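Asks: The following block contains a protein sequence and its predicted model.
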Amino acid sequence: MLPEIQELAEAYFNALAIPEKARPDSYHLALAAWHSMDYLVSWNCTHIVSGRVRMKVEEINTQFGIRTAIICTPEELMEVSL
């Protein structure tokens, strides 16, 4: 894994104050951001799909100079697509 992705994931993990068992979620977010994905679709409404997480991820991505994917559930994506 690229060191830049690891650094971004660590920034998310530290800022989001999620439990250690959820550390992989920070990598999920980092991979989507680093690869400029348009959407990150997840059912994980505790550690990925929430307003608090979206705000923190956007703040961090701005600091890193990368764009933020739309983070949503599958239902929300279907609403966006219509």
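Replies: On my side now, so go ahead. Numbering: from 1, shown residues only.

Asks: And the nearest residue to residue 67 once chain neighbours are set aside, its phi and psi?
Replies: In space, and not counting its chain neighbours, residue 67 is closest to residue 36: 6.1 Å by Cβ to Cβ, 6 or more residues apart in numbering. Quick note: C-beta positions are derived from backbone N, CA and C, even for glycine. Taking degrees, to the nearest 10, you get phi 50, psi 40 for the backbone angles of residue 36.

Asks: ok now do residue 36, which residues does it touch?
Replies: Applying Cβ atoms under 8 Å, 6 or more residues apart in numbering, we find residue 36 in contact with 66-67, 69.

Asks: Where does the spatially most central residue of the chain sit, in terms of helix or strand?
Replies: The chain has residue 29 as the residue nearest its centroid, 2.9 Å off, counting by Cα atoms, centre = their mean. In the assignment (DSSP states H and E), residue 29 maps to helix 23-34.

Asks: and residue 81, what pLDDT?
Replies: Looking at residue 81, its pLDDT is 54.

Asks: How about the residue nearest to the centre of the chain: what's its closest non-neighbour residue?
Replies: Distances taken as Cβ to Cβ, 6+ apart put residue 12 closest to residue 29, at 5.2 Å, once the chain neighbours are dropped.

Asks: counting contacts, what elements does whichever strand or helix holds the one you found pack onto?
Replies: Element membership of residue 12 [criterion: DSSP H and E] is helix 3-16. The helices and strands touching helix 3-16, judged by 3 or more Cβ pairs under 8 Å, 6 or more residues apart in numbering; DSSP states H and E, are helix 23-34, helix 51-64.

Asks: hmm, who's touching the last one?
Replies: For helix 51-64, contacts defined as Cβ under 8 Å, 6+ apart pick out 8, 11-12, 15-16, 29, 33, 47, 67-68, 71.

Asks: thinking again about what came up before, ok and the helix holding residue 29 relative to helix 51-64, angle-wise?
Replies: Between the axis of helix 23-34 and that of helix 51-64 there is an angle of 50 degrees, by axes from the mean of the first three to the mean of the last three Cα atoms, to 10 degrees.
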